[in-house]
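**Student:** okay, predicted coordinates and the sequence, questions at the end:
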Amino acid sequence: MVPLLLSMLTLVFAVMSILYVGRATTEKVRMQDALDAAALAGAVWEARALNFAAYANRAMIAHLVTITQLTSLHSHAQFTEEFLEWLSRGAVLIPTLGPIASRLLSVSGKAYRQVALQANRAGVPAAQFMNDRLSQAQALMLRAVQAGLPHIVGQVLAENDPALRLDPAALARVARDTRALGRAVSRGSPEELQGVTWETLDDFSRRRAWRTPRVGLLPYLEKDGGSALTAQEIRAWDHLFLWHPGWSRLKLRWQRTPLIQKEARATAFGYRGIPTFLTLAEPMRDRPSVTLAASRALEHVVQLNATGWEIPGLRGRRAVVQARAEVVYRRPDRDEPPNLYNPFWEARLAPIARPRIPRPTQAGGAR
């Protein structure tokens, strides 16, 4: 009888121990889920800051392209007006329809120039204003995420587990994570944005050139036009030259005589240069991430029944959980190095690298 009672008592104790261990494990899993959610929420906001910077850079490039196109249009309109004036003088010689054609050519050139002029007066200042605001918004978004990251993490943690609190060391680590986000980006050089803008330009803005057929020693016309971007100026030009044979140093050479020379500058309409913008630091020393650690005593899961049974060794123990989320760049359609021109930054949970503890040798040293 006594062995049977002892066996039943052992079985009951084992069942109760399994029950309480399961409850303690469930509690730790719940803590881990809450901490994972908080870390991932912080990393999501870091990814949003980088994606916002990418969208802002793309918008600034689009505005620079617009200013370049408007400047090219203004230069080309001035050239076209004078070129049509030349043609109108010759059209007068055409019988009957000559005066009408001459008038149409002259009016068309003037109308084209006026349209281009008004477009520059309205478009260049508007694009410049938007670039200035986007540049400020980039910096403001970065500072706002850095300042608000601890609050975001704490708010998500409180919503999922109000009793869970971050350790002081974890709070200091969150502050370091915000500084790492700032180190991941830097102020870009004007030449970088200038190069990306040039690659985005259309063919008309890049180059506007043509030439009449060359026949023997007969004169021919050559048109040259294009655009140039610098840190402080956007310039466009349209020139027409007459090539003809002539004597130079007792030799018959081709000589160039300018007929029409027109230029346009964006600074004449309020352009103030390439704005400041953010780009990835080179090299990117720290990948933006959020690492959290929290612990909590397990007293409230030691006794959950009316019998007062306890798990031996569980009272006084604390459940310790850690979580880490990082920001990565991943473009779905192809492999591409990380950059701040395409908004493909995303957050994901990442494993935590635990420090390797060397095993002591027999002599007490490390091996």
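**Tutor:** Received, thanks.

**Student:** now do the same for V320: helix, strand or coil?
**Tutor:** strand (DSSP: H, G, I helix; E, B strand; the rest coil).

**Student:** tell me who's in contact with it.
**Tutor:** 293-295 (C-beta atoms under 8 Å, 6 or more residues apart in numbering). For every residue, glycine as well, the C-beta is placed using N, CA and C.

**Student:** D335: which of those is nearest?
**Tutor:** A293 (34.0 Å; C-beta to C-beta).

**Student:** which parts of the helix or strand containing that closest one are buried?
**Tutor:** Element membership for A293, per DSSP states H and E: strand 289-297. By neighbour count with 16 or more other C-beta atoms under 10 Å, strand 289-297 contains the buried residues 289-296.

**Student:** please state the offset of the helix or strand where R30 lies from the chain centre?
**Tutor:** When elements are assigned from DSSP H and E, R30 belongs to helix 2-91. A distance of 12 Å separates the centroid of the chain from that of helix 2-91, by C-alpha atoms, centre = their mean, to the nearest Å.

**Student:** the helix or strand following it to helix 2-91, inter-axis angle?
**Tutor:** Remark: after helix 2-91, the chain's next helix or strand is helix 98-160, criterion DSSP H and E. For helix 98-160 against helix 2-91, the angle between stretch directions is 170 degrees (axes from the mean of the first three to the mean of the last three C-alpha atoms, to 10 degrees).

**Student:** low-scoring stretches of the stretch 1-150 of the chain, by residue?
**Tutor:** The stretch 1-150 of the chain contains residues with pLDDT under 70 at 1-2, 4-25, 92-93.

**Student:** surely G123 touches T68?
**Tutor:** No. At 11.1 Å, G123 does not count as touching T68 under the criterion of C-beta atoms under 8 Å.

**Student:** between those two, tell me which one has more neighbours.
**Tutor:** T68 (26 against 19; other C-beta atoms under 10 Å).

**Student:** surely the more buried one is in contact with T197?
**Tutor:** Yes. At 7.1 Å, T68 counts as touching T197 under the criterion of C-beta under 8 Å.

**Student:** common neighbours of these two, please.
**Tutor:** Joint contacts of T68 and T197 (C-beta under 8 Å, 6+ apart) are L229.

**Student:** ok so, going back, just the closest of the contacts of V320 to T230, please.
**Tutor:** For those, the closest approach to T230 (C-beta to C-beta) belongs to A293, at 50.8 Å.

**Student:** so what's that closest one up against?
**Tutor:** Counted by C-beta under 8 Å, 6+ apart, A293 has contacts 35, 166-167, 169-170, 173, 320-323.
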